[in-house]
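[1] return a 3D structure for these sequence lines:
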Amino acid sequence: MVIFPNCKINLGLHITGKRPDGFHELETAFYPVRLHDILEVVTSTELQFDSTGLPIPGNPDKNLCLQAYHLLKTDYPELPPVGMHLHKMIPMGAGLGGGSADGAFALRLLNEKYKLNIPTQDLIVYAAKLGSDCPFFIINQACYATGRGEILNPIQLDLSKYYFVLVNPGIHVNTKWAFDQITPAPSNKNLASILTEPIEEWRNLLFNDFEAPITKAYPAIGNIKNQLYQLGASYAAMSGSGSTVFGIFKTKPSDKIKSAFDCSVFITS
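    Below is the predicted model of the structure:
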């Protein structure tokens, strides 16, 4: 069985407080974007995992797809051994949630393939054990998120008539360092209400708290954002803690836009 984990972008991101458990309170909106990995699961005689595509750093045994399997196996011992193959296309450490998507979609696939009949709310609980962004990919629709990102409320936001340009400069931003640059504070205006404004207004209203310190440290990220506006984006911003910058366009950009950037560029709807 094959499934296609997609990435996400953050529409606004505010760090509003520090939690006793060491995590941060945040406010953001997640929006799914159709840049996909490919995950295949087959029944096997032993648990196996391999990958192709973009190289995945770290120990393969710690991959979130395998962690998802082990979570379910603990509560559903009838789950058989499986072979997992992941073809990686979403850049990693890029603010797009690619690894989180893989883990969450693995939960979804195992639940469906082996008819475990786990309700959506329970899958969300499992996903939260994998990582803060993972619960979103169980719902996988536009959501207003609070807490550490796991408290999700679907919102009516349809950007299906727009096109997305994702520009990944390949800059690794250390997440702990990024959080250390932020002084948590409540946002002045509810982010969900900002998203009801025309998209042309977002440029002056919708902000990512990470963007200012990260672009100061890595000016190339700010330059990409400016270029996207010059190329006609209705809205542009950095996603998550970076380093991917996205632009939202009213009309489909030409493939020639890729030549404007000396790095990886993805165009999708």
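
[2] show me what the host helix or strand of His70 is packed up against.
    Remark: His70 resides in helix 64-75, with elements defined by DSSP states H and E. When contacts are defined as 3 or more C-beta pairs under 8 Å, 6 or more residues apart in numbering; DSSP states H and E, helix 64-75 packs onto strand 82-88, helix 98-113, helix 120-130. C-betas here are computed from N, CA, C, even on glycine.

[3] list the buried ones in it?
    Neighbour-count burial for helix 64-75, counted by 16 or more other C-beta atoms under 10 Å, picks out Leu64, Cys65, Leu66, Gln67, Ala68, Tyr69, Leu71, Leu72, Lys73.

[4] I'd assumed Ala106 was in contact with the first one.
    Yes - taking contacts as C-beta atoms under 8 Å, Leu64 lies within contact range of Ala106: 7.1 Å.

[5] contacting residues around Lys250?
    Contacts here follow C-beta atoms under 8 Å, 6 or more residues apart in numbering; on that basis Lys250 touches Lys161, Tyr162, Tyr163, Gly232, Ser234.

[6] the fourth one and Lys252 touch, don't they?
    No - with contacts counted by C-beta under 8 Å, Gly232 stays clear of Lys252, the gap being 11.0 Å.

[7] what ranges do the helices span in the stretch 151-269 of the chain?
    175-180, 191-194, 211-217, 219-230 (DSSP state H, counting those that start in this stretch).

[8] name the residue most distant from the centre of the chain?
    Computed with C-alpha atoms, centre = their mean, the maximum C-alpha offset from the centroid of the chain is found at Thr45, amounting to 32.7 Å.

[9] can you tell me which of the contacts of Lys250 is nearest Ile194?
    Set against Ile194, the nearest of the contacts of Lys250 by C-beta to C-beta is Ser234 (14.4 Å).

[10] could you find the closest non-adjacent residue to that closest one?
    Sequence neighbours aside, Ile199 is the residue nearest to Ser234 in space, at 4.9 Å (criterion: C-beta to C-beta, 6 or more residues apart in numbering).

[11] neighbours of the one you found, how many?
    Using other C-beta atoms under 10 Å, the number of residues around Ile199 comes to 16.

[12] run through the residues that contact Phe49.
    Each residue near Phe49 by C-beta under 8 Å, 6+ apart is listed here: Pro60, Asp61, Asn63, Cys65, Leu66, Gly83, Met84, His85, Leu86.

[13] oops, could you answer that again for Leu26 instead?
    For Leu26, the contact set (C-beta under 8 Å, 6+ apart) comprises Leu13, His14, Ile15, Thr16, Ala145, Thr146, Gly147, Arg148, Gly149.

[14] returning to that earlier point: in PyMOL, how would I select just the buried ones from the contacts of Phe49?
    Command for PyMOL that selects the buried part of these, burial taken from 16+ other C-beta under 10 Å:
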select buried, resi 63+65+66+84+85+86
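
[15] determine which two of the contacts of Phe49 are furthest apart.
    Distances among the contacts of Phe49 were taken as C-beta to C-beta; the most separated pair is Asp61 and His85, at 15.3 Å.
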